[in-house]
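Trainee: Sequence first, then the predicted structure:
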Amino acid sequence: MARSRFDICLDEVLRHEGGYADHPADPGGATNLGITHKTLARWRRISPWWKLPKSAVQALQRAEAARIYRASYWDRVQGGQLPAGLDLALFDFAVNSGPDRAIRMLQAELDVAADGQIGPLTLDAVEAFAERKGLGPLIDAFCNRRLGFLNRLSTFAVFGKGWTARVAAVRKAALSAAGTTSNPAIKISQWRTLMDILNGYKTYIVAAFMLLAGLAQMLGIDLPALDSGSAGHLIMEALAVLFLRKGLKGDIGRA
């Protein structure tokens, strides 16, 4: 008996989610098979959610996790109504960042009303896009939007490498399921996305250099190229740049 698209897509999702983890920088807290402490408590109708012990999260089995994924994510994004490949890209994004956000980003790419619901209009737009440009370009563009969103998160410095690898793997699996590959134009877009990510760190690099230069001058190390800037000014300017950068990223993330 052939396996369903849900089972195939879930295999890919769980390959990235892994087992039990409780990373202090992860806002989801204790997580197992990609299911957070709060999600499992709500699924089991336990309120408030923290009354469910973390040991229950650690003991979560795949069968129950699969039921949660189907009800809360796959059915929510209408995975069974989507063409192979796009179903995986949308499903994995929904698991990673929430169904509403994933759906709205797909709708933005399709240029339809971003209401967070996959209905006839969105499904028709998917079909029209695929007929006009192909399913591969839609998957590519959607994955690029996802990567751009992740780059704006304040925790990207901690989890960014893993997230980027995950999007790349999901993109590859989704394109394979759709029977296509990235085209050169999309590869240029991916390169630009990567450059945008790297550009986001230039401010930090410059500020760090200014800070180190200021500290060096305070320690009596002569830096001829920076004679015009006092140690105090360099340090204050570096801190101002860092805090301004952090504030801007926070504002973008809340937008």
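Mentor: Great, that's in hand.
Trainee: Give me the phi and psi for residue 32.
Mentor: Dihedral angles of residue 32 (phi, psi; degrees, to the nearest 10) stand at phi -140, psi 130.
Trainee: who's it bridged to?
Mentor: residue 35 (DSSP bridges).
Trainee: right, and it touches residue 19 too?
Mentor: Yes. Proximity of residue 32 to residue 19 meets the contact threshold set by Cβ atoms under 8 Å, at 6.3 Å. C-beta coordinates here come from the backbone N, C-alpha and C atoms, glycine included.
Trainee: shaky segments in the stretch 101-250 of the chain?
Mentor: Within the stretch 101-250 of the chain, the ranges that satisfy pLDDT under 70 run 182-217, 220, 222-250.
Trainee: And the helices in it?
Mentor: Secondary structure of the stretch 101-250 of the chain (DSSP state H, counting those that start in this stretch): helices located at 120-133, 135-151, 156-177, 184-199, 202-218, 231-254.
Trainee: Show residues contacting stretch 97-107.
Mentor: Here stretch 97-107 makes contact (Cβ atoms under 8 Å, 6 or more residues apart in numbering) with 72-73, 76-77, 90, 93-94, 113-118, 122, 125, 142, 145-146, 149-150.
Trainee: If we use 10 Å, what do you get?
Mentor: Outside stretch 97-107, the residues within contact range by Cβ atoms under 10 Å, 6 or more residues apart in numbering are 72-78, 82, 86, 89-96, 112-118, 121-122, 125-126, 138, 141-142, 145-146, 148-150, 153, 163.
Trainee: Return the distance of residue 151 relative to residue 19.
Mentor: Computed as Cβ to Cβ, to the nearest Å, the residue 151 to residue 19 distance reads 27 Å.
Trainee: Comparing the two, which shows the higher neighbour count?
Mentor: Between residue 151 and residue 19, residue 151 has the larger neighbour count (other Cβ atoms under 10 Å), namely 20 against 11.
Trainee: Touching, that one and residue 164? I think so.
Mentor: Yes. Using Cβ atoms under 10 Å, residue 151 is in contact with residue 164, at 8.5 Å.
Trainee: Now the common contact residues for residue 32 and residue 19.
Mentor: 58, 60.
Trainee: for stretch 96-105, which positions count as buried?
Mentor: 96-97, 99, 102-105 (16 or more other Cβ atoms under 10 Å).
Trainee: farthest pair in those residues?
Mentor: The distance between the two most remote of the buried residues of stretch 96-105 (Cβ to Cβ) is 14.4 Å, for 96 and 104.
Trainee: Identify the residues contacting the residue lying closest to residue 12 once chain neighbours are set aside.
Mentor: Among residues not flanking residue 12 along the chain, residue 173 sits closest, at 5.4 Å (Cβ to Cβ, 6 or more residues apart in numbering). Residues near residue 173 by Cβ under 10 Å, 6+ apart: 8-9, 11-12, 15, 85, 88-89, 92.
Trainee: Same check on residue 150?
Mentor: Counted by Cβ under 10 Å, 6+ apart, residue 150 has contacts 93, 96-97, 156, 159-160, 163-164, 166-167, 197.
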